[in-house]
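In: Sequence and predicted structure, then a few things I'm wondering about:
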Amino acid sequence: MKVNLKLLKRLYLIDHESTNEHDMISFILNYCYKIPHLTFSIDKECNLFITKNTTNPEKYACVVAHMDTVHNFTSARELIIKNNIITAQYIKSGLQCGLNADDCNGILVALQLLETLPNLKVCFTTQEEIGGKGANEATNNIEFFLDVRYMIQADRRGKDDLITHTNGIDSASTKFVEDIQPLMEKYGYSEGVGTFTDIGILANELLISGVNISCGYYDEHTLKESCNIDELNNCLNFIHDIIISLDGQDTVYEIEAQKPYGNIYTHDYSKDNYDNYECNDFPNDDYTLPCDHCINQDCMRCKYTW
């Protein structure tokens, strides 16, 4: 498979800041209408639940992607592609701006897999960037997830992380990782630890294995955001091959109930004094991670952690 570059560029140029995802929702629905064998539902937080059923399988893989972004653009943008790297800039000023690769890359993966695979479930969530409100509501759709065996999300920076620990929990079973190990080696992925994403919420509430996979974006949440097309392509094929390799099995990759992070947006960080924090100080016991200062999602190098 190859990345549909025309589709990717179209996704990047849609404005879809958190709580204002309507244009992205409309685009996804309109795009999916041309794909046969799909059924749709939507909940009160505007999460989209899509099932592709061609051969009446008993169980499904589920791909997850969030439809919001942190960026609030002030004027028209254009995309620049150089050496297979995509960036964005304002047309009028020529200044670099955010790209929306987080998580348009994941949306692209989900849409292309819906087009290609005979059977698949996809959960498109809202408001991931402001605490996962959409994913929390999505867990109430028990009927949709009842026949899901495992979940995959392409919402990790870089090229080689397969996140199996996020939101403070082990989000994937040892058995799941063992079963995809040959493909991890083929595509150059290794297990890693993340901080927060929808997969952590869904896995913890549904007790189904979920992983978050690097999809080629860098400097997310910043004006320097970029996407490596080759690395996104590698991610797309990796996820495609995982689903194909596990197809036809009945194994549900369950996980044990665990205690995740608390609500990451209940702490008022504006009242904290970070002036005297030193790198050898440990966080307070009631300090929840990640936090809304996050830019790089790298807690160990963040001045606010310590």
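Out: Done, it's in.

In: And the pLDDT for D272?
Out: In this model, D272 is scored at 42, pLDDT.

In: swap in N263?
Out: 49.

In: Equivalent analysis for Q249, please.
Out: 85.

In: Spit out the contact partners of it.
Out: By Cβ atoms under 8 Å, 6 or more residues apart in numbering, Q249 lies in contact with 59, 149. Backbone N, C-alpha and C define where each C-beta goes, glycine included.

In: Try it again at 10 Å.
Out: By Cβ atoms under 10 Å, 6 or more residues apart in numbering, Q249 lies in contact with 59, 149, 179.

In: State whether the last one is indeed within a strand.
Out: No. Per DSSP: H, G, I helix; E, B strand; the rest coil, D179 lies outside any strand segment and is helix.

In: Please report how far it lies from F144.
Out: Applying Cβ to Cβ, to the nearest Å, the value for D179 to F144 is 23 Å.

In: If you count surrounding residues, which of the two has more?
Out: With neighbours defined as other Cβ atoms under 10 Å, D179 and F144 compare such that F144 has more, 20 against 17.

In: Surely that one and V64 touch.
Out: No. Contact criterion Cβ atoms under 10 Å: F144 and V64 do not qualify, at 11.7 Å.

In: Residues that sit against both of those two, list them.
Out: 121, 123, 138.

In: what about I14, which SS state?
Out: Here I14 is coil, with the state taken from three-state DSSP.

In: Next, count neighbours for it.
Out: Neighbour count of I14, defined by other Cβ under 10 Å: 18.

In: what pLDDT does it get?
Out: You'll see I14 listed with a pLDDT of 95.

In: Repeat that for the one 10 residues further on.
Out: With respect to pLDDT, M24 has a value of 95.

In: ok, for it, nearest residue in space, not its chain neighbours?
Out: Distances taken as Cβ to Cβ, 6 or more residues apart in numbering put H16 closest to M24, at 3.8 Å, once the chain neighbours are dropped.

In: ok, the one you found - contacts?
Out: H16 touches 22-25, 27, 66-69, 71, 100, 103-104, 107, 126, counting by Cβ under 10 Å, 6+ apart.

In: Are any of those buried, and if so which?
Out: 24-25, 27, 66-69, 71, 100, 103-104, 107, 126 (16 or more other Cβ atoms under 10 Å).

In: can you pull out the helices in the stretch 101-250 of the chain?
Out: 101-116, 133-138, 142-145, 174-187, 198-206, 229-246 (DSSP state H, counting those that start in this stretch).

In: Now the fifth one - C-alpha only, CSV.
Out: Presented in CSV, the C-alpha positions along helix 198-206 are these (Å, rounded to 0.1, in the frame of the first residue of the first chain):
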residue,chain,number,x,y,z
ASP,A,198,-7.4,7.6,23.4
ILE,A,199,-6.2,4.0,23.3
GLY,A,200,-5.3,4.2,27.0
ILE,A,201,-8.8,5.2,27.9
LEU,A,202,-10.5,2.7,25.6
ALA,A,203,-8.2,-0.2,26.6
ASN,A,204,-8.6,0.5,30.3
GLU,A,205,-12.4,0.7,30.2
LEU,A,206,-13.1,-2.1,27.7
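
In: pLDDT of it, averaged?
Out: 96.

In: Taking helix 101-116 as reference, get the angle to it.
Out: 70 degrees (axes from the mean of the first three to the mean of the last three Cα atoms, to 10 degrees).

In: so what secondary structure elements neighbour helix 198-206?
Out: Under the contact criterion of 3 or more Cβ pairs under 10 Å, 6 or more residues apart in numbering; DSSP states H and E, helix 198-206 touches strand 60-66, strand 119-125, helix 133-138, helix 142-145, strand 148-156, strand 161-166, strand 169-170, strand 210-214.

In: if we can go back for a sec, nearest to R156 among the contacts of Q249?
Out: Nearest to R156 among the contacts of Q249: D179, at 20.0 Å, using Cβ to Cβ.

In: Surely that closest one touches S245?
Out: Yes. Under the criterion of Cβ under 10 Å, D179 makes contact with S245 at 7.8 Å.

In: Poorly predicted segments of the stretch 151-300 of the chain, please.
Out: 261-300 (pLDDT under 70).

In: and with 80 instead?
Out: The stretch 151-300 of the chain contains residues with pLDDT under 80 at 260-300.

In: list the contacts for the most centrally placed residue in the chain?
Out: Closest to where the C-alpha atoms of the chain average out (Cα atoms, centre = their mean) is D155, at 3.1 Å. D155 makes contacts with 64-66, 102-103, 105-107, 109, 128, 163, 166, 194, 197-199, 212-215, 217, 220, as judged by Cβ under 10 Å, 6+ apart.
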